[in-house]
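> Structure here, sequence nowhere to be found:
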């Protein structure tokens, strides 16, 4: 009996919209941990929907055997075993020329390039793939190091960070359109005012791209508009002010408010009570948290208690689209995350048509 879900369809209107865009502009997504049944099933579904050209890294024989054992078709799925790849020597030379290579303290670049995380990141950096997804079988730290050491950062973002996209039409106040972006859920433990402003703006740009309208970004705190006079509350207020100034200077269509308590940010009725005289408002589309603990805990509670569907984490601050998925990720999570970063690659092509990406 086949384990491949032949009758599977996109789980919601958001993934359906992403797939519609990708059918017009299909992209290549590399999965660095290809020896995983979930990855095989997702790759086959992406091919079925004519949305993505999947590239799986791993041992070719083991991947083929796994696919055969579960009747997963491998049509149009490219499998690469990094040490035997035709580009292996090229990537070794490029790695050796990277200034960051000297910080890795490896005997030779081949030792690094043979690691799937690094090989996949190099593929994306040098235009052999359009986006990268990883984390389904490894700890996040190893993957993040490969991204930081191989993919160029955006010059205006000091530190990379992670944003998660949540869906939940059954959940009250989950964004104005049933879509909510949370940041930073994965990388910066205690962001500075400058970090928080960058997180707000970059996540706001991501939300603007996916929502098709100016998003509302809320800088969260235990305080609302000075209701508590603590250093942390002042930090979020300062970050909101800095982000607003930078957004205006860059002519960004992003609305930023803060500092705000979570109920004020997401519940218009709570906002009417706690912000007397304030104009009628909608639920926030983006929530920026004061630290990593608050963001990550909130993400897991929304996912595991409230049943929100999560995609990502989407890694922002890099010059190429990348995503990290948890080891517990479902097929729907992996499928949607791959679609999100592939659509981000469409945006990259539109903004940088001259790139060799």
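Looks like it came in fine. Predicted model only: the values in this text are computed from it and were never measured.
> switch to C-alpha atoms for all contacts and neighbour counts from now on
Will do.
> Can you list the low-confidence ranges for the stretch 1-150 of the chain?
1-11, 99-107 (pLDDT under 70).
> how about the helices of it, start to end?
Assigned by DSSP state H, counting those that start in this stretch, the helices in the stretch 1-150 of the chain fall at 13-24, 37-48, 60-69, 88-97, 109-113, 116-125, 140-150.
> Mind putting those helices into TSV with distance to residue 80 and mean neighbour count?
Listed next are these as TSV, based on distance: least, C-alpha to C-alpha, whole Å; neighbours: other C-alpha atoms under 10 Å:
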stretch	distance to residue 80	mean neighbour count
helix 13-24	23	16
helix 37-48	13	22
helix 60-69	7	15
helix 88-97	10	17
helix 109-113	13	19
helix 116-125	10	26
helix 140-150	18	18
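> now those helices in TSV, with distance to residue 79?
Listed next are the helices of the stretch 1-150 of the chain as TSV, based on distance: least, C-alpha to C-alpha, whole Å:
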stretch	distance to residue 79
helix 13-24	21
helix 37-48	11
helix 60-69	6
helix 88-97	14
helix 109-113	16
helix 116-125	12
helix 140-150	20
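> for the closest residue to residue 317 other than its chain neighbours, phi and psi?
The shortest distance from residue 317 to any residue other than its chain neighbours is 4.5 Å, reached at residue 160 (C-alpha to C-alpha, 6 or more residues apart in numbering). For residue 160, the backbone dihedrals (degrees, to the nearest 10) come out as phi -70, psi 150.
> picking up where we left off before, identify whichever of the helices of the stretch 1-150 of the chain lies nearest to residue 180.
Proximity to residue 180, assessed across those by C-alpha to C-alpha, is greatest for helix 13-24 (11.8 Å).
> doesn't residue 315 make contact with the residue nearest to residue 317?
Yes - between residue 160 and residue 315 a contact is recorded at 6.8 Å, counting by C-alpha atoms under 8 Å.
> And these two? Which one has more around it.
Higher neighbour count among residue 160 and residue 315: residue 315, with 24 against 21, using other C-alpha atoms under 10 Å.
> Contacts for the helix or strand that contains the more buried one, please.
Residue 315 belongs to strand 309-316 when elements are defined using DSSP states H and E. If you take C-alpha atoms under 8 Å, 6 or more residues apart in numbering as the criterion, strand 309-316 is touched by 160-168, 185-186, 202-203, 303, 321-325, 333-334, 336-337, 340-341.
> In the sheet, which strands lie alongside it, parallel or antiparallel?
Strands that pair with strand 309-316, judged by DSSP bridges, come out as strand 161-167 (antiparallel), strand 322-324 (antiparallel).
> Residue 220: which of these is closest?
The nearest among the strands paired with strand 309-316, by C-alpha to C-alpha, is strand 161-167 at 14.9 Å.
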